[in-house]
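In: Here is a sequence together with a model predicted from it:
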Amino acid sequence: MSHTCHAPLLRYAAVALTAAMAITGCSESPGPEQAAQPAPAVTETAPNVPGMTEALTQPQVGAEYSIVAAPVLAQDGTVVRTVIGVKNAGTVAINSNGKFPVNLAVSLVDDTGTMVSKDFVRVGLPAEGIAAGASAEVVADVLAKEVLGKTLRFGLVQEGVAWYTDFNVAPLDYGPLTTCEDQGKQTVCGKDGKPLTAAATN
């Protein structure tokens, strides 16, 4: 009798132990998988690029800006997209990583030249940064409805330190952007008064 009573108990204990091990294994397995996923992204985003850890000084700072192509309308006309050419005319490499990152700022200016929104939009530089003397293209997207009647002002800023304009580096203005008609529909016109074209879709 005693053997027939204990045998089921032993079987139930073995089943319970197996189930517990299975549950423990399942709960632990996502950990390594989740930890492993971000690693390639970090490597691809900024390979061997040290972040900005020091405040730039006036002798280190310099920049030149250009409009690479006329602004276009993206996302069904809700976004004005401008590609800005940024040349690092300074003496040190810059990037958007670290304690004091350098970003491209988009500010808004009204028709009298008065600053309306200095901190309107920030755009990060390419992942590899911009070496001293090198150039890069930066894509700046802004909401069309928020920039009508305004001029876009592009310029670099080192966050927590200074705007490049503080170091007498001239920004780049584009505008004003206005509302106009194109084939009977309201749309956005560039500084030449002509409707912006739609962005190419891939």
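Out: In hand now; what should we look at? Quick caveat, the model's predicted, so the values are computed rather than measured.

In: Residue 71 is in what secondary structure piece?
Out: Taking DSSP states H and E as the definition, residue 71 sits inside strand 63-74.

In: From residue 117, how far out is residue 189?
Out: Per Cβ to Cβ, to the nearest Å, residue 189 is found 21 Å from residue 117. (Glycine included, C-beta is placed from N, CA and C.)

In: cool, and residue 110?
Out: In terms of Cβ to Cβ, residue 110 sits 10 Å off from residue 117.

In: Touching, residue 160 and residue 103? I think so.
Out: No: judged on Cβ atoms under 8 Å, residue 160 makes no contact with residue 103 at a distance of 11.1 Å.

In: Can you pick out the residue with more neighbours from the two?
Out: Taking neighbours as other Cβ atoms under 10 Å, residue 160 and residue 103 compare with residue 103 leading, 18 against 10.

In: thinking that one is in contact with residue 121, fair?
Out: No: taking contacts as Cβ under 8 Å, residue 103 lies outside contact range of residue 121: 9.6 Å.

In: Identify the bridge partners of the residue most central in space within the chain.
Out: Nearest to the centroid of the C-alpha atoms of the chain, with distances taken as Cα atoms, centre = their mean, sits residue 124, at 4.6 Å. When assigned by DSSP bridges, residue 124 has beta-bridge partners residue 103.

In: Confirm for me that it is in contact with residue 105.
Out: No: Residue 124 lies out of contact with residue 105 (Cβ under 8 Å); the separation is 11.1 Å.

In: helices and strands around the strand holding residue 71, which ones?
Out: strand 79-88, strand 151-158, strand 172-174 (3 or more Cβ pairs under 8 Å, 6 or more residues apart in numbering; DSSP states H and E).
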